[in-house]
Each structure stands twice: as C-alpha cells, then as structure tokens.
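> Prediction below, plus the sequence it came from.
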Amino acid sequence: MRPVFLALPLALMLPVAAAAADIQEDIRACAAEATEAGLVAATDASSFRFVSDKGNRNRVLTLKVVGPDQTIELDCKMKRRDVVEVVLAEDQTRTAAR
C-alpha cells in the first residue's frame with residue numbers, strides 16, 4: 001500500500017513542472033521580443049524576472065528587467081503562445097507591436 005501513496009504525489013507534481021517550463025519559454029519569448037524592439041538593452045534571458053501572469057488565452061505576463069543601473073517592468077501581451085505586444089510598464093508610449 002505504501003507505493004500508492006508515493007505515486008499519487010508524484011502524479012500531482014507532473015502538471016506543475018510542465019506549467020513551469022511553459023512559463024520559462026514565455027519569458028524567453030518576451031525577452032527576445034523586448035530586446036529586438038529596442039525596449040531594453042541586449043541582455044540574456046536570466047536578467048528577466050517573473051512578476052505576474054494574468055489571463056488564459058489572452059495573457060499579460062509582467063516581467064522585471066534587472067540591469068546594472070536600473071530596474072524596469074515590462075508587460076508582455078500574449079495570445080496563446082505568441083507575443084502580440086511588449087510595453088514598458090513605466091512608460092506606455094514606447095511599444096513594440098507585432
């Protein structure tokens with residue numbers, strides 16, 4: 001009976017691990033789009049920190065970019081798995097739309 005109790009928590013953890021991998025892919029996509037649009041300096045994806053994720057199909061992923069001299073927040077608007085728009089959270093006038 002003991003193996004049943006060990007297998008159940010493991011089965012419950014598998015979807016969480018898959019969701020975490022999806023968030024990491026979304027962070028990398030938002031980081032690439034923000035860098036390509038010139039909203040942030042070219043940095044590696046590890047400089048982007050997860051803040052929040054709102055929505056399901058149409059989502060807004062908020063990221064914090066930690067740099068040597070400043071920290072800014074980005075709102076990355078996504079539709080399913082595609083980046084639609086990246087907006088600086090502090091300055092809504094500079095946007096990158098796709």
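Yes, it's here.
> Least confident secondary structure element in the chain?
Lowest mean confidence among the helices and strands of the chain (mean pLDDT, DSSP states H and E): strand 95-97, at a mean of 48.
> tell me the helices in the protein, going along the chain?
For the chain, applying DSSP state H gives helices covering 2-36.
> give me the low-pLDDT residue ranges for it?
The model of the chain has pLDDT under 70 over residues 1-21, 42-45, 90-98.
> Ala89 and Ile72, how far apart?
Noted for Ala89: a distance of 7 Å to Ile72, by C-beta to C-beta, to the nearest Å. All C-beta atoms are positioned from the backbone trio N, CA, C, and that covers glycine.
> Look at those two and report which has more neighbours.
Ile72 (16 against 13; other C-beta atoms under 10 Å).
> What residues does that one make contact with?
Counting by C-beta atoms under 8 Å, 6 or more residues apart in numbering, Ile72 touches 40, 64-65, 88-90.
> quick check, nearest of these to Ser46?
Closest to Ser46 out of the contacts of Ile72 is Val65 (10.8 Å), distances taken as C-beta to C-beta.
> Isn't that closest one up against Asp75?
No - the criterion here is C-beta atoms under 8 Å, and Val65 misses it with Asp75 at 11.8 Å.
> Which residue, other than its chain neighbours, is closest to Lys77?
Using C-beta to C-beta, 6 or more residues apart in numbering and skipping the chain neighbours, the partner closest in space to Lys77 is Glu85 (4.3 Å).
> How much space separates the one you found from Leu61?
Taken as C-beta to C-beta, the span from Glu85 to Leu61 is 11 Å.
> Please apply the same query to Val84.
Counting by C-beta to C-beta, the gap from Val84 to Leu61 is 11 Å.
> now do Ala89
11 Å.
> Common neighbours of these two, please.
Common neighbours of Ala89 and Leu61 (criterion: C-beta under 8 Å, 6+ apart): Asp75.
> returning to what we had before: please identify which of Glu85 and Leu61 sits among more neighbours.
Higher neighbour count among Glu85 and Leu61: Leu61, with 23 against 16, using other C-beta under 10 Å.
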